[in-house]
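>>> After the sequence you'll find the predicted model.
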Amino acid sequence: DDDEGGDEGVGEGLKDEMATQLAMAGIDEKDLENNYLTAYTDFRDGEVYAETAYFLQPGLTKDINMFFMDEVKTDFSKYVPKADQVAYMTFGLDIRGVKQVLEEKGVLGLLNMRMIQFGLSADDISKAFGGDIMLSMHAEDEEFGFGLFGMNINDRETFDKFLALGEQTGAIEKEADDQYILKNTSDAMKKIISYNGVPTAEADARLIIKDDIVFIT
């Protein structure tokens, strides 16, 4: 029933709010119509199985398809705790594809202008980061859990430039070799998560580098 919003495609209700952003990205408002996503979860032999399916207009997928790689080459599993794990996923972000899309949209020049101020460039992003990404969620009990993010490092020397920038701007603080504190992340999480009864971390997040993989938790 259209009155209840049941048949409204993904994104149709956001057209008015996103008009300016869509124009900057070169996306026609009509491309937000008739996009659909479905998902289901099942239980198979003691494991939870989930699957999603989607239909997106070609005006959206032309760019989106350039954002992702077909496979992840980094094996994150040996670094991730198995205890109390409730969700785990990996995907490959094609950073060079993202760069190409930004260039075609005329945004790359603006990004470069901002980064040059810090002695970096957009090329350094695609050089430093490999694009293999891991997300893992853990719930130790009803009141406490944690998330773990991982991404492979493509070029450590270039990656270290980003670490140096983080220290220079006060965003991170070195705690030990290849271990850093992400400053003020605890306060930020408390502001983002405002649900009653949902606890947030009392300590700032940590960034740890191991075997050319950067982990944040």
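Arrived safely, thanks for sending.
>>> same for the lengthiest strand in the chain, what does it pack against?
When the chain is parsed with DSSP state E, its longest strand is strand 129-139. Helices and strands touching strand 129-139, as assessed by 3 or more Cβ pairs under 8 Å, 6 or more residues apart in numbering; DSSP states H and E, comprise strand 85-93, helix 95-104, strand 145-153. The way it works is simple: take the backbone N, C-alpha and C, and place the C-beta from them, glycine included.
>>> beta partners for the residue nearest the centre of the chain?
Centroid-nearest residue in the chain, with Cα atoms, centre = their mean: Ile133, separated by 8.0 Å. With beta bridges defined as DSSP bridges, Ile133 has these partners: Phe91, Met151.
>>> which ones are touching it?
Counting by Cβ atoms under 8 Å, 6 or more residues apart in numbering, Ile133 makes contact with 72, 90-93, 149-151.
>>> In TSV: the helices and strands packed on strand 129-139, plus mean pLDDT, mean neighbour count and distance to Thr61.
Formatted as TSV, those follow (pLDDT from 0 to 100; neighbours: other Cβ atoms under 10 Å; distance: least, Cβ to Cβ, whole Å):
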stretch	mean pLDDT	mean neighbour count	distance to Thr61
strand 85-93	87	14	16
helix 95-104	77	17	12
strand 145-153	89	17	24
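>>> List the contacts of the one helix or strand Tyr180 maps to.
Using DSSP states H and E, Tyr180 falls within strand 179-182. By Cβ under 8 Å, 6+ apart, the surrounding residues in contact with strand 179-182 are 163, 166-167, 171-175, 204-209, 216.
>>> Please enumerate the helices of the protein.
19-25, 58-64, 95-104, 108-116, 122-128, 156-169, 185-192 (DSSP state H).
>>> which of these is buried the deepest?
helix 122-128 (a mean of 18; mean count of other Cβ atoms under 10 Å).
>>> Which member of the contacts of Ile133 is positioned nearest Leu56?
When the contacts of Ile133 are ranked by distance to Leu56 (Cβ to Cβ), Phe91 comes first, at 16.5 Å.
>>> Let me know how buried the residue lying closest to Ile64 once chain neighbours are set aside is, in neighbour terms.
Leaving aside its chain neighbours, Ile64 sits nearest to Leu56 (7.0 Å; criterion: Cβ to Cβ, 6 or more residues apart in numbering). Using other Cβ atoms under 10 Å, Leu56 has 19 other residues around it.
>>> Looks like Leu56 contacts Asn35 (just checking).
Yes - if you go by Cβ atoms under 8 Å, Leu56 and Asn35 touch, sitting 4.9 Å apart.
>>> Find residues that contact each of those two.
With Cβ under 8 Å, 6+ apart as the test, Leu56 and Asn35 reach no residue in common.
>>> one step back: taking the contacts of strand 179-182 one by one, which sit in strands?
172-175, 206-209, 216.
>>> ok, so of the residues you listed, who is nearest Gln100?
Ile216 (26.6 Å).
>>> per-residue pLDDT, the closest one?
With respect to pLDDT, Ile216 has a value of 92.
>>> just use 40 as the starting number from now, easier for me
Let's use 40 as the start, then, which means that last one is Ile255.
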